[in-house]
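J.: when you get a sec, could you give me coordinates for this:
(2 chains)
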Amino acid sequence: MNRTEQPLPRARRANLVVKELTDETLVYDEETHEAHCLNQTAAFVWKHCDGRTSVARLGRLLNQETKTARPEQVVWSAIEQLERSHLLESPVRRPADVPRMSRRELMRGLGIAAAVAVPLVTSIVAPTAAEAASIACSPAGGPCTSDANCCAPARCNVGAGTCFNP
Amino acid sequence: MEKIDRLGWAAGFSFISYGRRIGVRTNDPAILGCLQRHLPPGWKPSSSPVVERLYSLIVGGPSSRPNVRRLNLLYGDTTRLARSAEIDEVLLTFESNLRLFVAEAARRRLFIHAGVVGWRGRAILIPGQSMSGKTSLVLALVRAGATYYSDEYAVLDERGRVHPFPKTLSIREHSHYRQTEYPVETFGGRRGVKPLPVGLVLVSPYRAGARWRPQPVSAGQGILELLSHTISARRQPEKALVVLQRALADASIIKGARGEAHQVANSILERMKDEG
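T.: So this is what the prediction gives:
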């Protein structure tokens, strides 16, 4: 791919619950049960990924909005994180002539404003009810004297005195 | 269900907990009082024969055959939850399973696995997994003067305020897994009654020898922290995000491993005083 064939990233919209905070955007993915927190820069890029806007143009828009140094590098960093979080419709290939920069290199390059400008997507997997709760039972591997000691579906190996998953 | 239904049920009752109708039946009427002691705080009796969840307890005991003992069995709807010679173990499973059902299915409330205390009109939330030290920190805060709300669940209403879930404190003493229950009054503590707005969220798991140097966390990161301990996160993600957003609107969120609970309790309350 050369620079004339600019990729056109498109944000995923289906099966997502989106909540806007003052400086962040929360996204809950109902397919994977992952929740993501996008900082301002990551959210800006994600919102402008409409499948018609090139990465170079996204960089110019970001620069107009935030006066970010190295805007195209920042956009690529955001896109890579959004892609890893399954928040884009399809993968976007970085052109060979755009060097990959680690988050640390990017922060160093952006200097003092980096904490705000460097895109960041933080993710968790939402727990099942049982995972979220404190249950008075032992998980697989925990001690037991009967099935009642083990968290379902684990059963008790009475001989070994430990719970196991059947 | 039909096979279980055909067993001889001698007694039962139904009740409402957090908007859900639940039934319990047993072959032994003598166990009913004991079962009621394991119901969630705030339950109310119901006369409705229709329930959303039915627990069936078969109390075992000596058999007519020599050297045979019938085990105690507990079912949640048609799923066997416990099978043990020890009735206390079965009752413990009943209690924890029932609480989990209520926490996940509650109407108009959001349950987060967290310890909660009240201090100067605001709530301190301590989300965490089992054995992360929630109860120890709750107890240390209560001993330092805070009001007890819960050592297991933060119960949030639609406005994001925290309500008490005043169960007894579950303290692990001689074993990592077994807990002993103590009323908070045993430690000179007081129970909270009124709903409180959230003032502080402490993401602060216990680590032996850790020096407590918590860092502030953004609102979005704080919501993720709480969501990862929210019982109905998968079932009602939109509701969870809305309630958590409201709950944290005026709250500070700090994160960092801590050492012994009694060493940090006073500085936590001091921090609330400074921010209040």
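J.: got any ranges where the chain has weak pLDDT?
T.: Going with chain A. Applying pLDDT under 70 to chain A picks out residues A:1-6, A:109-116, A:134-154, A:161.
J.: chain B was what I was after
T.: Using pLDDT under 70, chain B drops low at B:1-2, B:173-179, B:274-276.
J.: residue nearest the centroid of it?
T.: Nearest residue to the geometric centre of chain B (Cα atoms, centre = their mean): residue B:152, 3.6 Å.
J.: ditto for chain A
T.: By Cα atoms, centre = their mean, chain A has its centre lying nearest to residue A:85, at 3.7 Å.
J.: which ones are touching the residue nearest to residue B:190 when sequence neighbours are not counted?
T.: Once flanking residues are discounted, residue B:190 sits nearest to residue B:147: 5.3 Å by Cβ to Cβ, 6 or more residues apart in numbering or on different chains. Any C-beta I mention is one placed from the backbone N, CA and C, and that applies to glycine too. Contacts for residue B:147 (Cβ atoms under 8 Å, 6 or more residues apart in numbering or on different chains) come out as B:117, B:118, B:119, B:189, B:190, B:191, B:192.
J.: what is the neighbour count of the closest residue to residue B:47 other than its chain neighbours?
T.: Nearest non-adjacent residue to residue B:47, counting by Cβ to Cβ, 6+ apart: residue B:14, 7.4 Å away. Residue B:14 has 17 neighbours, counted by other Cβ atoms under 10 Å in any protein chain shown.
J.: which ones are touching residue B:14?
T.: Listed by Cβ under 8 Å, 6+ apart, the contact partners of residue B:14 are B:21, B:22, B:23, B:24, B:45, B:46, B:47, B:48, B:49, B:51.
J.: now with 10 Å?
T.: B:21-25, B:45-51, B:54 (Cβ atoms under 10 Å, 6 or more residues apart in numbering or on different chains).
J.: quick one: buried ones out of the residues you listed?
T.: Among the contacts of residue B:14, those classed as buried by 16 or more other Cβ atoms under 10 Å in any protein chain shown are B:21, B:22, B:23, B:24, B:25, B:46, B:51, B:54.
J.: list the contacts of the fifth one.
T.: By Cβ under 10 Å, 6+ apart, the contact list for residue B:25 reads B:4-5, B:7, B:9-14, B:32, B:35, B:51, B:54-58, B:75.
J.: show the buried residues in those residues.
T.: Members of the contacts of residue B:25 classed as buried by 16+ other Cβ under 10 Å are B:4, B:12-14, B:32, B:35, B:51, B:54-58, B:75.
J.: reformat the residues you listed as CSV; add secondary structure.
T.: Compiled in CSV, the buried ones among the contacts of residue B:25 are given as follows (DSSP: H, G, I helix; E, B strand; the rest coil):
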residue, secondary structure
B:4, helix
B:12, strand
B:13, strand
B:14, strand
B:32, helix
B:35, helix
B:51, coil
B:54, strand
B:55, strand
B:56, strand
B:57, strand
B:58, strand
B:75, strand
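J.: and these as TSV, adding distance to residue A:58?
T.: Listed next are these as TSV, based on distance: Cβ to Cβ, whole Å:
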residue	distance to residue A:58
B:4	60
B:12	63
B:13	62
B:14	59
B:32	66
B:35	61
B:51	55
B:54	56
B:55	56
B:56	60
B:57	61
B:58	64
B:75	57
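J.: and of these, the nearest to residue A:63?
T.: If you rank these by distance to residue A:63 using Cβ to Cβ, residue B:51 comes first, at 60.9 Å.
J.: wait, what's in contact with the closest one?
T.: Counted by Cβ under 10 Å, 6+ apart, residue B:51 has contacts B:12, B:14, B:15, B:16, B:20, B:21, B:22, B:23, B:24, B:25, B:77.
J.: wait, which of these is closest to chain A?
T.: In terms of Cβ to the nearest Cβ, no member of the contacts of residue B:51 lies closer to chain A than residue B:77, at 12.6 Å.
J.: sweet, I'm off.
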